[in-house]
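**Q** Okay, here's the prediction I keep looking at, along with the sequence it came from:
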Amino acid sequence: MPVHNEEIARTFDEIADLLSLRDENPFRIRAYLRAAQTIRGQQRELADRVKAGEDLDALPGIGADLAGKIAEIVTTGRCQALEKLRKQVPAGLAELLRIPGLGPKRVRALSSGLKVRSRRDLERAIASGTLAKVSGFGPRMREKLAQELKLTPQQPARWLRSVAAQFAEPLAAYLRAVTGVDEVVIAGSYRRGRDTVGDIDILVSAEDAPAVAAALRRYDEIASWSAEGTKRITVVLRSGLQVDVRITEASAFGAALHYFTGSKAHNIHVRRLAQERKLKINEYGVFRGERRIAGDTEESVFGSVDLPLIPAEMREDQGEIELARDGKLPVLVTRADLRGDLHAHTDASDGQESLKSMALAARAAGLAYLAITDHSQHLGVVHGLDENRLRRQMDAIDRLNGELKGITLLKGIEVDILESGDLALPDAVLAELDIVVAAIHGHFDLSERRQTSRVLKALEHRAVSILAHPGARLIGARRPIALDFERILKAAEARPCFVELNSQPERLDLDDAQSRLARECGALVSVASDAHSGAQFGYLAGGIVQARRGWLTARDIVNTRPLGELRRLLRATIR
DNA sequence: GCCGTTTTCGGCCCGACTGTTTTCAGTCG
C-alpha cells in the first residue's frame, strides 16, 4: 500500500503539534507546518518521486532533513522522530489543541498543573472548580471552554463554497447598501475559490467603522457575536457559518484585500520579499520606514515587490510567486472563454427538463453547443437509456438542430464503466454518437490497483471521448476512489481523450491539484456542468473557478474551442 | 528546520483581539 501525500502531511502536522507542546523553537514548528502544506499541494505522489530518485529538497520549505524524513515515511511507513515525540508528550494533549482558545501554552499548563490530558479531564476540571486554580484560566476562559467542549465535536465541518455563498453573498449585499460603505469583497478562501470554506471573511471599505458595526448589529441573520473590535468583528450566522468582518479605509483597501485573501503561506512569502527590499507589508499598506509607499490597490502591493498581480485562485504559495517573478504566470481561463458544454441530462434520464428546454437554457447561458449525455441503461435508479431509446433521442436531436438557431446539440451518452472496465452499452451504438462520456457510478471501494486498471480499460474503448468526474467524490459525503491519477492522465493524453472537470458543486472533480496534474500531463480538460436542469448551467462558473485553481488556461480546456475545432478533436479521440 | 542578489549563521510576517493582568501573554488569522 503506497503512502499518500496526505499521510506524509499529517505526520508532519502531528510532529508540529507535539513540538509546540514541548515549547520547541516556533520556527522549527512552522517549518513542519509549511512542509505539510507544500506536500498537500503536490499533485504527484511523493512516494513515486522518492522511488524515481528525485530530489525532494528542491520543493519549497523542504530541505535535506525533511526530504530524508519523507523518504523514511514512504519506504518504511514509519517516522522515528514522530514515534519518539509521541513517547515524550502525554497522549491526548494534541486533541486539546483543537479546542478554540487552547494553544500549546495553556495545554501545557493544564497538563503539568492539573494532569488534564483529555477533553474528559478538562470537563471534570471545569465542573469541580479545580481549573480556577491554574493561572491564566479566569472565569471568562472557564465559561468559554465549557461552551467549546459542547460545540467542538461537530465543529470541524467545512462548508461547500456554493452553500456558504448562499449566506455570505446576501450579507455582503446588505453591507454594500450601508451608507458610507464604498466597497465590500468576500475575501479569504472563498475568494481563492477553495471548493470548501471553513468560515467567511468579508472586507468592507468604509471611513466610519462604528457605523458599519452598528449596521451589522441590525442584520437579522446573526446568531451570536464572538469578537468585536474597532476593525474586526466576528459573528456566527443562524446557519452556523462564522463570518469575520474586517473594516478598512479606502486608501488601504488593496493591502487589506491582499492580506485578507491569503493564503497565509502566500502572504508570508510576499512579506518576506518585502523584507528583502527593506519594506514592510501589513494590512494597512506597504511601508519604507514610516513612509507608506503603496497599498490602495492589490496591484500596488504586488508591484512593491516587483510582481504582477497574481490571481486570487493561485495564491497558495505553490510556486505562483516564482512564476510571477519570472513573468510566466498563466493567463487563467474565464467563464467567458467557454463556448460549449459537453455533459448534460434531460428528462429522458434523471434530468428535469426536456431536450428543447435544455437547449434553450444553454443558449441563454451563452453557449454555442451542448452535448446531451443522458445516463445509459445500466444505472437503474435513473431510468437510463437503452439502445432503442438512445436512437430515438438521436433522431429528436437531429430535428431540433434543424429547428434551433444559435445552439448546436451534440449526440452523446454518459455510459457506465462497469466493475470490469467494460462499458454498459455495445461499441456499435456508441460509435453512432458524437461524444461518449464514460463514468464510474458504483464499485467505489476497489483497491487502487483494480480501480486504476478498471479505468484504464474503459479508456481503451475507442468510442470514449471523455472520462467524467474521474474521482467520483462527493465532497463531505464520499471519498474519491483510489486511482493512480498520473497513469490515468498520461493514458488520456496518449490516446487521446479528455478528462472532465465536473462543475456540480458537491463534485468539483477533478480537484485543483488534479487539474494542475492534467495540465502537466498534457491531457485536455472538459469543464462541464453535468446540468440536470437549465438553471444548472450556472454551475459552470464554479467549475471555472476550480479550473483557475488548477492553473488552467483556455488552451487547456477543450470546450473553449469553436464547434468546428471541437469536432476535429472529438474525431481524433475516436480513431 | 529552512534559507541566502547583504548572509552557510542568524534570521525567520505581522497585527487584532481576549482575558487576565496591572503592562502583557496567548491565541488566532
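**A** Good, I have the coordinates. Everything numeric here is computed off the predicted structure, so don't read it as measured data.

**Q** Give me the domain ranges for chain A.
**A** With domains defined by automatic domain parsing, chain A comprises A:5-151, A:156-248, A:259-329, A:335-572.

**Q** Name the stretch among those domains that sits most buried.
**A** domain A:335-572 (a mean of 20; mean count of other CB atoms under 10 Å). Backbone N, C-alpha and C define where each C-beta goes, glycine included.

**Q** measure that one end to end?
**A** Start-to-end span of domain A:335-572 (CA to CA, to the nearest Å) is 26 Å.

**Q** any idea of the mean pLDDT in it?
**A** The average pLDDT within domain A:335-572 is 93.

**Q** same thing with stretch A:177-189?
**A** What stretch A:177-189 shows for mean pLDDT is 95.

**Q** Looks like A:Leu483 contacts A:Arg450 (just checking).
**A** No. Applying CB atoms under 8 Å, one finds A:Leu483 not in contact with A:Arg450, separated by 10.3 Å.

**Q** gap between A:Arg291 and A:Ile126?
**A** Separation of A:Arg291 from A:Ile126 (CB to CB, to the nearest Å): 50 Å.

**Q** ugh, wrong one, A:Tyr219
**A** 33 Å.

**Q** Do a quick rundown of the helices in the stretch 1-150 of chain A.
**A** A:5-21, A:26-40, A:46-51, A:64-76, A:80-88, A:93-97, A:104-114, A:119-128, A:139-151 (DSSP state H, counting those that start in this stretch).

**Q** possible to save these as TSV with mean pLDDT and distance to A:Leu474?
**A** Converted to TSV, the helices of the stretch 1-150 of chain A look like this (pLDDT from 0 to 100; distance: least, CB to CB, whole Å):
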stretch	mean pLDDT	distance to A:Leu474
helix A:5-21	90	18
helix A:26-40	89	20
helix A:46-51	90	26
helix A:64-76	93	29
helix A:80-88	93	32
helix A:93-97	88	28
helix A:104-114	89	35
helix A:119-128	89	30
helix A:139-151	85	26
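
**Q** Make JSON lines from those helices and add distance to DNA strand B to it.
**A** Formatted as JSON lines, the helices of the stretch 1-150 of chain A follow (distance: least, CB to the nearest atom of the strand, whole Å):
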{"stretch": "helix A:5-21", "distance to DNA strand B": "8"}
{"stretch": "helix A:26-40", "distance to DNA strand B": "3"}
{"stretch": "helix A:46-51", "distance to DNA strand B": "13"}
{"stretch": "helix A:64-76", "distance to DNA strand B": "3"}
{"stretch": "helix A:80-88", "distance to DNA strand B": "7"}
{"stretch": "helix A:93-97", "distance to DNA strand B": "7"}
{"stretch": "helix A:104-114", "distance to DNA strand B": "3"}
{"stretch": "helix A:119-128", "distance to DNA strand B": "12"}
{"stretch": "helix A:139-151", "distance to DNA strand B": "3"}
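
**Q** May I see the ones you listed organised as a markdown table, with distance to A:Gln504 added?
**A** Formatted as a markdown table, the helices of the stretch 1-150 of chain A follow (distance: least, CB to CB, whole Å):
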| stretch | distance to A:Gln504 |
| --- | --- |
| helix A:5-21 | 23 |
| helix A:26-40 | 23 |
| helix A:46-51 | 30 |
| helix A:64-76 | 34 |
| helix A:80-88 | 38 |
| helix A:93-97 | 35 |
| helix A:104-114 | 41 |
| helix A:119-128 | 37 |
| helix A:139-151 | 31 |
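
**Q** Of all the ones you listed, which one is nearest A:Leu360?
**A** The closest of those to A:Leu360 is helix A:26-40. By CB to CB, the value is 42.6 Å.

**Q** Now do that closest one: distance to the chain's middle.
**A** The chain centroid and the centroid of helix A:26-40 are separated by 20 Å, computed with CA atoms, centre = their mean, to the nearest Å.
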